[in-house]
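**Student:** requesting a structural model of the entry that follows:
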Amino acid sequence: MAKLTIDGMEVEVQNGLTVLQACEQIGIEIPRFCYHERLTIAGNCRMCLVEMERAPKPVASCSMPVGDGMVITTNSPAVQKMRQGVMEFLLINHPLDCPICDQGGECDLQDQALAFGSDHSRYDEVKRAVDDKSFGPLIRGIMTRCIHCTRCVRFSNEIAGVPEMGATGRGEHTEIGTYINNALTSELSGNMIDLCPVGALTSAPYAFAARPWELKKTESIDVMDAVGSAIRIDARGPEVMRILPRLNEDVNEEWISDKTRFACDGLKRQRLDQPYVRHGSKLEPATWDAAFAAIAAKVKSTDGSRIAALAGDTACVESMMALKDLLEALGSDNVECRQDGAALDPSCRAGYLFNTTIAGIEEADVCLIIGSNTRHEAPIINARLRKRYLMGGFSAGLIGEAVELTFPYTPLGAGPEILAEILSGKHGFANILKKATNPMLILGQGALMRSDGAAVLGLARKVAEKFNMVRDDWNGFNVLHTAAARVGGLDIGFVSDATLESAEIIYLLGADDYTANIPDDAFVIYQGHHGDRGAHRADVVLPGAAYTEKNATYVNTEGRMQQTRLAVFPPGDAREDWAVIRALSGVLGHTLPYDTLAQVRGRMVQINPLFGGDDSLQKFTWGDFGSGGKTEPGGFASPISNFYMTDPISRASITMARCTEMLLESDKGKTGTDG
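**Tutor:** Down below sits the predicted model:
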């Protein structure tokens, strides 16, 4: 521990901290532009200058390590003059764009100019101008505003792992941009907007849309993938204007993927805002009573055991709970949340979770990836893997198609035969796993969706057991889900061994990717928020609520129970999903025994006590899961071919369509995906 004096106060801090961090720990604010706690130190803005006793000149507190006996002064007249001088230099060339800048009201330069700057400038030279740069459909670059803090450059190189940003020129002629003027291809590029302390990088879809003080802010979670990133939904009136990240060190730190951030414009397009009933070959608008009556007439003439339900990838636990209870009342247990056919075994919770946890990745030293493209399936988890790689002493191997991840890995082969070789010890990677202290594996849905998925799951379990991945103090067996609804559905038992081929009535709860296997003569009820693939096949359409329009429960890939919050109300006659099912149950003569959201959640606790707790994680008993059957030849392939369009919301998004059009060709060349 180092002992030093800051503004007359004696403090003791850990060795290795910087003076700026030491000041922050005792509540002293140090202004900064280039410094960010998750990026390497640049020390180039000089706004954090402080006085240090016996130092011949001011020191940059962000890059000065603490030492015993240091005497630091942070707010003397000399320091105040330094800050005024630095601010004066920064504003020499900064344009007077504040009235039209989208960063207005959230701008670090505005705030610090007010707090630490002067009320006049001594310079009257002509301001420099820089050509605007093209960063693609997501980021709008007005580079005359750039103050060269290099946060975006460091983020692209260190966190995103896609080194496409850099600086050219020197001195006043320095410019930040992409070297060859291409669009940014990182799935995390939107985080540069949050990092930029000025208005140089702003959101292109959000340009000139609203001011921050006009927006109602709601804390929620993301459902675009199974990570459950913490987000803030900013809405004005009935419209979601933007999505921003919230801090959650255990899940997403302070990053979110571009799909999470920018797909929100799909929430207002192609929406279902009233019921529909099919007459002949055409779906026609109807009232709720007429839609329920059409369903009741069909149910009355159908044996209950011939009714089935399928939950989609963004269905909440409350709606799945209500639908499961309704089908049980009708005499059917044919429910399924695995619409992609993944061979997940619900009998052992540790067998379908990301047991290492997302934060626990930083403790692993070897990672075996099986049938997954983590960069597209879970960009936040991929960023954690890169973070662990940058810490050193980490190696990774991949079984499956060759993809461009943001950290180095060893391609081991394409199919399950490689997994069998590792288990037998014949493969060279087996020696690496043997020597590892905390080995882990990531089993992707691409390996489980195959006809031999249960056998692959069993092989992966045996590999984890043989190579000491499962211990009292460590569990390195991880299933990486791609659907936000999947773990919650497994937790409440929304699974069965029955198939839909023999069903006469099929209830699609937001299930849009299973239409190819629905019998032609089946009566299909679709409940969802977008007129997507499932609605096109339906005989009755019931409008539901999107994740921004309801208070709902989801369980992420590591088993963390989380809840969304209602930010805006559903459009038109659309209602929360569990409430629609509850109303339908009354018409069908099997009224469900709950009338409020709290009562539905009480029912969830009856089924699984985990839903009565908080979002903390628990260790679960290891068991026997998967099968010992034979595997089939053929390589593993990721289920995601187009990162930007994976669900009804992103498929309805104009922004995601532009990304697909502009970036996918580049993405194909770099990652091998086929769009």
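**Student:** ranges for the helices of the stretch 251-400 of the chain?
**Tutor:** Here the stretch 251-400 of the chain has its helices, by DSSP state H, counting those that start in this stretch, at 258-262, 288-300, 317-330, 374-377, 379-391.
**Student:** which of those sits closest to Gly531?
**Tutor:** helix 288-300 (14.9 Å; CB to CB). The way it works is simple: take the backbone N, C-alpha and C, and place the C-beta from them, glycine included.
**Student:** so what secondary structure elements neighbour the closest one?
**Tutor:** strand 276-279, strand 540-543, helix 577-587 (3 or more CB pairs under 8 Å, 6 or more residues apart in numbering; DSSP states H and E).
**Student:** please state the offset of the helix or strand harbouring Glu219 from the chain centre?
**Tutor:** Assigned by DSSP states H and E, Glu219 falls within strand 216-221. Offset of strand 216-221 from its chain centre (CA atoms, centre = their mean, to the nearest Å): 15 Å.
**Student:** mean confidence score for it?
**Tutor:** Across strand 216-221, pLDDT averages out at 97.
**Student:** direction included, what does it pair up with?
**Tutor:** Strand pairing for strand 216-221, using DSSP bridges, gives strand 230-236 (antiparallel).
**Student:** following the partner strand, which helix or strand shows up next?
**Tutor:** Next along from strand 230-236, by DSSP H and E: strand 239-245.
**Student:** buried ones in that next one?
**Tutor:** Under the neighbour-count criterion of 16 or more other CB atoms under 10 Å, strand 239-245 has Val240, Met241, Arg242, Ile243, Leu244, Pro245 buried.
**Student:** send over that strand as PDB, restricted to the C-alpha atoms.
**Tutor:** Coordinates of each C-alpha in strand 239-245 appear next as PDB, following Å, rounded to 0.1, in the frame of the first residue of the first chain:
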ATOM      1  CA  GLU A 239     -41.800   5.800 -29.200                       C
ATOM      2  CA  VAL A 240     -38.500   4.200 -28.100                       C
ATOM      3  CA  MET A 241     -35.900   6.700 -29.300                       C
ATOM      4  CA  ARG A 242     -32.700   4.900 -28.400                       C
ATOM      5  CA  ILE A 243     -31.200   2.200 -26.300                       C
ATOM      6  CA  LEU A 244     -28.000   2.800 -24.200                       C
ATOM      7  CA  PRO A 245     -26.000   0.500 -22.000                       C
END
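**Student:** got the CA positions of the strand holding Glu219 in CSV?
**Tutor:** Listed next in CSV are the C-alpha coordinates belonging to strand 216-221 (Å, rounded to 0.1, in the frame of the first residue of the first chain):
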residue,chain,number,x,y,z
LYS,A,216,-38.1,9.2,-20.2
LYS,A,217,-35.4,6.8,-19.1
THR,A,218,-36.3,3.3,-18.1
GLU,A,219,-33.8,0.7,-16.8
SER,A,220,-34.3,-2.7,-18.4
ILE,A,221,-32.5,-5.6,-20.0
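**Student:** in contact with Gly228, which residues?
**Tutor:** Ile221, Asp222, Val251, Ala484, Tyr554, Val555, Asn556, Thr557, Arg560, Gln562 (CB atoms under 8 Å, 6 or more residues apart in numbering).
**Student:** from Gln563, how far out is it?
**Tutor:** 10 Å (CB to CB, to the nearest Å).
**Student:** joint contacts of those two?
**Tutor:** Joint contacts of Gly228 and Gln563 (CB under 8 Å, 6+ apart) are Ile221, Tyr554.
**Student:** by contact count, what packs against the helix or strand containing Gly85?
**Tutor:** Here Gly85, judged by DSSP H and E, is contained in helix 77-92. In this structure, helix 77-92 makes packing contacts with strand 49-52, helix 108-116, judged by 3+ CB pairs under 8 Å, 6+ apart.
**Student:** flag the shaky bits of the protein, pLDDT-wise.
**Tutor:** Applying pLDDT under 70 to the chain picks out residues 515-516, 665-675.
**Student:** tell me which element Tyr554 is part of?
**Tutor:** Taking DSSP H and E as the definition, Tyr554 sits inside strand 552-555.
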